[in-house]
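Asks: Here is a sequence together with a model predicted from it:
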Amino acid sequence: MVAVAATILPPGYPAYIGTYIALVAAILGLVAYGWSERETFAHPTSLAIVGAIALVGLAVPFVYRGPQDIVGPVLILPMLATVALGLLARPARWVPNPETFALICLAGALIALLGGGYEDVVLGRYRPGLGNNPIHYASLAAMSGCLAMVGVVASHRRSRYFFLLGPIFGLGCAVIADSRGPMLGVVAMSGVGLVLLTTWLWREKPFRIAILLSVAGAAVVTFYLVGTGNARIAGIVTSGLDIFRFTGGPDDIRAALYASALEILKTSPLFGIGLGQIMVPAQTLYPSLLAGTGLENLHADWANFAAMAGILGLLAWFLLLGAPLFLLLDARARQDRPIVLGALLLTTGQLALGVSNATFGILPQTVIYAVALGYFLVRARRLGD
């Protein structure tokens with residue numbers, strides 16, 4: 001409960017404080033139950049995470065040029081928080097139910113929206129993030145807001161449809177931060193969530209009404225933003241593609257970073273070139289674009305993993321993205337709607353957000369993914385008890 005609340009509730013810069021609290025809780029879990037509950041490490045989800053760390057670590061001896069290259073596998077060690085929480089499945093006398101988990105997610109997204117809205121409207125700040133990078137702020141709100149949809153299948157009360165506000169709160173934060181990646185992330189997660197919910201609940205009249213109201217609300221907001229001249233909303237698909245191609249605009253910096261990652265894959269396909277050198281090709285190939293920017297990574301998960309560990313790194317990335325889906329290998333978990341919905345939302349969200357942003361590292365974006373996955377791992381392991 002401490003790990004979940006500390007990771008999801010604090011918005012903006014305080015999210016880092018919550019991250020450290022959650023990591024300390026995870027370390028305590030590993031120390032207390034790492035041996036007695038060691039069978040947790042054999043769970044497919046745990047194996048995927050440990051395997052990803054091992055694959056990135058395997059590349060280090062082949063690319064080592066300095067201490068920074070060793071940091072590569074360290075950056076994904078926070079994912080062990082998933083395993084650490086999974087250790088608590090049997091020793092824990094009480095675990096928050098999915099409705100409580102969803103309430104925390106909904107509250108986290110609402111707090112982020114209120115804080116960001118205050119900075120935007122009252123303080124007049126451009127692309128607010130509550131002290132955090134606006135993209136990171138919006139990514140966290142997008143993930144927590146969409147995970148709130150788990151609450152719709154957590155009970156049979158009519159009030160459960162209020163959890164559909166979660167994606168709206170997350171989208172609001174993304175719009176306030178003027179961040180395209182999180183906007184598309186909310187759309188992707190909401191789409192997956194609504195398909196599942198419609199499959200399960202379409203016969204329920206209150207659900208149909210809630211969906212229609214949500215769609216109508218989203219349409220009104222979209223038309224309003226387009227009418228007020230929000231260029232990123234009006235051309236989100238086109239401008240989103242601009243980060244992958246050279247157009248002569250400000251997004252050429254992103255295009256240069258991603259092009260250098262592809263070049264690394266061509267020249268060093270198996271092991272990459274190591275974390276310490278991932279910026280060298282980009283700065284060498286595109287000095288006019290990247291000189292003086294101070295960038296330390298390639299600004300996307302797939303690019304970072306490919307550059308620091310080549311094909312091994314990409315395999316590690318796919319394992320981390322697939323870790324929630326491995327929960328569904330258990331037939332009992334596949335019968336549990338909160339687990340099914342949560343697993344699909346986590347994989348979809350982390351994939352969508354990581355295409356144009358770095359979500360894996362010693363970051364709140366990594367820890368919210370790891371802790372939420374740890375919560376569902378606990379629930380999956382308790383189904384058989």
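Replies: Ah, there it is.

Asks: Which parts of the stretch 1-150 of the chain are helices?
Replies: Assigned by DSSP state H, counting those that start in this stretch, the helices in the stretch 1-150 of the chain fall at 2-8, 14-33, 44-63, 71-74, 80-86, 98-117, 134-147.

Asks: meant to ask about the stretch 201-350 of the chain, not that
Replies: 205-227, 231-234, 236-241, 252-267, 280-285, 287-290, 301-322, 331-334, 337-354.

Asks: CSV for the ones you listed, including mean pLDDT and mean neighbour count?
Replies: To be clear about C-beta, it is placed using only N, CA and C from the backbone, and glycine gets the same treatment. As requested, the helices of the stretch 201-350 of the chain are arranged in CSV below (pLDDT from 0 to 100; neighbours: other C-beta atoms under 10 Å):
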stretch, mean pLDDT, mean neighbour count
helix 205-227, 76, 13
helix 231-234, 57, 15
helix 236-241, 60, 13
helix 252-267, 92, 19
helix 280-285, 91, 17
helix 287-290, 86, 14
helix 301-322, 97, 24
helix 331-334, 96, 14
helix 337-354, 97, 24
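
Asks: Can you tell me which of these is nearest to L58?
Replies: L58 sits nearest to helix 301-322 of all the helices of the stretch 201-350 of the chain, at 6.0 Å, using C-beta to C-beta.

Asks: still on that earlier bit, what's the most buried one of the helices of the stretch 1-150 of the chain?
Replies: Comparing those by mean neighbour count (mean count of other C-beta atoms under 10 Å), helix 134-147 comes out on top with a mean of 30.

Asks: Tell me the helix or strand right after that helix.
Replies: helix 165-176 (DSSP states H and E).

Asks: hey, C-alpha coordinates of that following helix in CSV?
Replies: Only the C-alpha atoms of helix 165-176 are listed here, as CSV (Å, rounded to 0.1, in the frame of the first residue of the first chain):
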residue,chain,number,x,y,z
LEU,A,165,-13.0,10.0,-15.6
GLY,A,166,-9.5,8.7,-15.1
PRO,A,167,-8.5,8.8,-18.8
ILE,A,168,-10.1,12.3,-19.1
PHE,A,169,-8.0,13.6,-16.2
GLY,A,170,-4.9,12.1,-17.8
LEU,A,171,-5.7,13.6,-21.2
GLY,A,172,-6.3,16.9,-19.5
CYS,A,173,-2.8,16.8,-18.0
ALA,A,174,-1.3,15.9,-21.4
VAL,A,175,-3.1,18.8,-23.1
ILE,A,176,-2.0,21.3,-20.3
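
Asks: how about L9, what does it touch?
Replies: 18, 104, 107-108, 111 (C-beta atoms under 8 Å, 6 or more residues apart in numbering).

Asks: picking that back up, mind checking which of the helices of the stretch 201-350 of the chain is nearest A148?
Replies: helix 337-354 (9.7 Å).

Asks: Could you check how far the closest one is from the centre of its chain?
Replies: Counting by C-alpha atoms, centre = their mean, to the nearest Å, helix 337-354 is centred 9 Å from the centre of its parent chain.
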